[in-house]
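Chemist: no sequence on this one, just coordinates:
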């Protein structure tokens, strides 16, 4: 079956530090890959996505590249801000069942200190 | 426009009671998903609706869980004879109808926090 493994953290960084959150996946088909973010007290929001190998998703300074050879989709940001403090979830959607349900990693809590 | 809404936002119930959780998806979204977020299990898929039918119920943890959708819109998740392990945040998401080769973003509601005492 499908699965997603991500760095569980928590991760604590100072403002302007470089961020990497690792994510690897196992899938039976050709999945789309996503990073979702959950800010304190808010619902899940899509941060970025990539739908095929070598695609790079980017949004709000965050980037992730779909690496089929290493089955990875690591999240990076060059300079984090306090407002980036949130829980980040890596997820995949496998069209094999034609319903595109999401399989999530366990989530990584990021705290950015001023 | 309005996003996905869920009610109630919080529900505390006694073990053994039945509960109903409601989801109002974004207007026009044919696909609707229920997920559960708990400390031990993370985020898990429960059920998928395409219109009013549920072609994938594979994530429902037991026969105490059921869901329906009416008018291609509102969905209700029902948990009968609640147990303490049912305590979690129940999330609803909606999207345009998925199709082969394409994927539409799932928009999530704020969730219902269920506590079984």
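Modeler: In hand now; what should we look at? As the structure is a prediction and not an experimental result, all values here were calculated from the model. Numbers count the residues shown, from 1 in each chain, chains lettered A, B, ... in the order given.

Chemist: quick one, what contacts the spatially most central residue of chain B?
Modeler: Central residue check for chain B by CA atoms, centre = their mean: the C-alpha nearest the mean position is that of residue B:34, 2.8 Å away. Residues near residue B:34 by CB atoms under 8 Å, 6 or more residues apart in numbering or on different chains: B:23, B:45, B:46, B:47, B:59, B:67, B:75, B:77, B:90, B:91, B:92, B:93. Any C-beta I mention is one placed from the backbone N, CA and C, and that applies to glycine too.

Chemist: now those residues as CSV including distance to residue B:13, neighbour count and pLDDT?
Modeler: Shown next, in CSV, are the contacts of residue B:34 (distance: CB to CB, whole Å; neighbours: other CB atoms under 10 Å in any protein chain shown; pLDDT from 0 to 100):
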residue, distance to residue B:13, neighbour count, pLDDT
B:23, 18, 27, 98
B:45, 23, 19, 94
B:46, 18, 21, 96
B:47, 20, 24, 96
B:59, 21, 16, 93
B:67, 17, 22, 98
B:75, 19, 24, 98
B:77, 14, 24, 98
B:90, 13, 23, 97
B:91, 18, 26, 97
B:92, 19, 28, 97
B:93, 23, 25, 95
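
Chemist: quick revisit: now the helix or strand the residue nearest to the centre of chain B falls within: average pLDDT?
Modeler: Counting by DSSP states H and E, the element that carries residue B:34 is strand B:31-38. The average pLDDT within strand B:31-38 is 94.

Chemist: which positions within that strand qualify as buried?
Modeler: Judged by neighbour count (16 or more other CB atoms under 10 Å in any protein chain shown), strand B:31-38 contains these buried residues: B:31, B:32, B:33, B:34, B:35, B:36, B:37.

Chemist: pick out whichever of these sits closest to residue A:19.
Modeler: Residue A:19 has its nearest neighbour among these in residue B:37, at 22.9 Å by CB to CB.

Chemist: what distance do you get for the closest one to chain A?
Modeler: 9 Å (CB to the nearest CB, to the nearest Å).
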